[in-house]
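Enquirer: would you be able to build a 3D model of this:
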Amino acid sequence: QVQLVESGGGLVQTGGSLRLSCAASGRTFSKYGMGWFRQAPGKEREFVARIDWGGLSTDYADSVKGRFIISRDNAKSTVYLQMNSLKPEDTAVYYCNEVVANTRLPFGSWGQGTQVTVFS
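Expert: Okay, here's the model as predicted:
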């Protein structure tokens, strides 16, 4: 089973940027698609972005398209989420997870997440 550790969250002003990282261990990282998800207070966890195992195909939620960029470094077993032009509605705990191939469906165990707070 893969273990996931998210980091890079913080407090940022509207319009600012953050880069999240998700380090994986315990299984061959490069074989699986990876995704970022987020959960705001009082809301369901939602899909944010995903990337295929080779890093060539990406997919984004409409709410973040054009502002967020997902990438991965298989040599480091790490997936990243570059978040630009942040808005208060991006405030949430962000999680990464493995995803079923060619879908937005997570299937692994969740990590502890990393808190992102955007203030105006």
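Enquirer: list the contacts of the residue nearest to K43 when sequence neighbours are not counted.
Expert: Leaving aside its chain neighbours, K43 sits nearest to A92 (7.9 Å; criterion: CB to CB, 6 or more residues apart in numbering). In this view, the C-beta of every residue, glycine as well, is placed from N, C-alpha and C. Residues near A92 by CB atoms under 8 Å, 6 or more residues apart in numbering: 38-40, 43, 116.
Enquirer: helices - which of those residues land there?
Expert: With helices identified by DSSP state H, none of the entries of the contacts of A92 belong to them.
Enquirer: quick check on these: which are buried?
Expert: 38, 116 (16 or more other CB atoms under 10 Å).
Enquirer: quick check, nearest of the contacts of A92 to E98?
Expert: R38 (16.4 Å; CB to CB).
Enquirer: show me what contacts the closest one?
Expert: 45-46, 48, 90, 92-95, 116.
Enquirer: repeat that with 6 Å
Expert: Residues counted as contacts of R38 (CB atoms under 6 Å, 6 or more residues apart in numbering) are 48, 92, 94.
Enquirer: reformat the contacts of A92 as CSV; add distance to V5 and pLDDT.
Expert: Shown next, in CSV, are those (distance: CB to CB, whole Å; pLDDT from 0 to 100):
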residue, distance to V5, pLDDT
R38, 16, 98
Q39, 17, 98
A40, 21, 97
K43, 23, 97
V116, 16, 98
